[in-house]
Every structure is written in structure tokens, then in C-alpha cells.
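**Q** Here's my sequence, what's the structure:
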Amino acid sequence: MENLTPNLSSQEKFQIWVETNAPGIAYLWNWEQMEVNLEQAQKFLDFASHGEAVMARFMVGVWLGRNELNFDIFEARGVLDQKQLQVVLDWIKTPFWP
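**A** Numbering: from 1, shown residues only. Okay, the predicted model is just below:
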């Protein structure tokens, strides 16, 4: 990610990462103010598919730098498709912070 977007802020890189890998949850962020809406994220978890909920928990956790929505790697392994799981594994191998 770093090599592809060298002149962008870490928040802008994160935005691209979310929009590329989980576009259905990108609306949880206010990109102009660079913040996530935790209340909206909690509501999203109530109607999201299981995979979408896991990805939202993961990406919100990366954004905040803490496991606010209880992301579980074992749940992720059992629920996510290969592409989604690869996003998580790539981040684990080479973490970045917005």
C-alpha cells in the first residue's frame, strides 16, 4: 500500500483501502472529517451479513487502533471468503495505521 500511494496521508490511504476492499462499509466513515461513526457502525452490525459485520469490526478496529467492536480472528477465518480473509492476513503481515 505504501509504495502505491506515497504522497497521501495515512487516513487517505486507509480510505482507499476500505473503498477497495469493503466498499459496502465505507459510509461508516466521514472522510472529510476523518472519523468513524461508531453509533452507525453498531447499527450496521445489526443488519449486515456475517462477513460484512466481521470486516466492519476489523476495519473499525484498525482505524481506532483498538478492538472496539470485538473483532475475532477465529470468527473471521470461519466466515470470510478468500479475498476478504486475504485483506485481514495482509494487514496482519504488514500493519498500517491511519
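
**Q** only C-alpha atoms for contact and neighbour calcs from this point on.
**A** Will do.

**Q** Helix, strand or coil: sort out the residue most central in space within the chain for me.
**A** Centroid-nearest residue in the chain: Met59, 1.9 Å away (criterion: CA atoms, centre = their mean). Three-state call for Met59 (DSSP: H, G, I helix; E, B strand; the rest coil): helix.

**Q** Show the contacting residues for it.
**A** When contacts are counted by CA atoms under 8 Å, 6 or more residues apart in numbering, Met59 touches Val18.

**Q** any idea how far it is from Asn7?
**A** 22 Å (CA to CA, to the nearest Å).

**Q** One more: Thr94?
**A** Distance, Thr94 to Asn7, by CA to CA: 19 Å.

**Q** mind listing the helices in this structure by residue range?
**A** Secondary structure of the chain, counting by DSSP state H: helices at 10-21, 38-47, 50-64, 73-79, 82-93.

**Q** just those helices: most buried one?
**A** Burial of the helices of the chain is given as mean neighbour count (mean count of other CA atoms under 10 Å); helix 50-64 ranks first at a mean of 20.

**Q** how about that one as CSV, C-alpha atoms only?
**A** What follows is helix 50-64, C-alpha atoms only, in CSV (Å, rounded to 0.1, in the frame of the first residue of the first chain):
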residue,chain,number,x,y,z
HIS,A,50,-22.0,-12.1,8.8
GLY,A,51,-19.0,-11.4,6.5
GLU,A,52,-19.7,-7.7,6.3
ALA,A,53,-20.0,-7.5,10.0
VAL,A,54,-16.6,-9.2,10.5
MET,A,55,-15.0,-6.9,8.0
ALA,A,56,-16.6,-3.8,9.7
ARG,A,57,-15.3,-5.0,13.1
PHE,A,58,-11.9,-5.5,11.7
MET,A,59,-11.6,-2.2,9.8
VAL,A,60,-13.1,-0.1,12.6
GLY,A,61,-10.6,-1.7,14.9
VAL,A,62,-7.7,-0.8,12.5
TRP,A,63,-9.0,2.8,12.3
LEU,A,64,-9.3,3.2,16.1
